[in-house]
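**Q** 3D, please:
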Amino acid sequence: MQKPQLLDTIIVGAGPAGVQFAYFQQNLGRNYVCLEASSAPGHFFARFPRHRYLISINKKHTGFTDPEINLRWDWNSLLVDESDYKTHKPFGDFTEDYFPNADFVV
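**A** Have a look, this model is predicted:
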């Protein structure tokens, strides 16, 4: 009989924070599981907010060119390791909308 493998981390919810945390757990080589009640990650944004627009602006429209300020105000993009910038796009590359539609998160 094989000994069960212990988990380093259990992530509850596959919303933006859960997916973000899982991304970094995987990159660290940690043994983790991400539990989600819905059939897909980010399901919250398939129904909410009801008006269908995110409450945070697209970082393309902060009015600043300072990358540090834009990163701090970018609540929509998932962060990636610097080496992954070639394969991951910031949220602002998906839409020009000032207040993006929630469907872009899904």
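**Q** Residue 59 touches residue 69, doesn't it?
**A** No. Distance between residue 59 and residue 69: 9.1 Å, which falls outside the contact criterion (Cβ atoms under 8 Å). Backbone N, C-alpha and C define where each C-beta goes, glycine included.
**Q** C-terminal to the helix of greatest length in the chain, what's the next element?
**A** The longest helix of the chain (DSSP state H) is helix 16-27. Remark: after helix 16-27, the chain's next helix or strand is strand 32-35, criterion DSSP states H and E.
**Q** For that next one, enumerate the helices and strands it packs against.
**A** For strand 32-35, the packing partners by 3 or more Cβ pairs under 8 Å, 6 or more residues apart in numbering; DSSP states H and E come out as strand 9-12, helix 16-27.
**Q** So residue 35 is in contact with residue 11, correct?
**A** Yes. Using Cβ under 8 Å, residue 35 is in contact with residue 11, at 6.8 Å.
**Q** neighbour-wise, which of these two wins?
**A** Shown here are residue 35 and residue 11; by other Cβ atoms under 10 Å, residue 11 has more neighbours (18 against 10).
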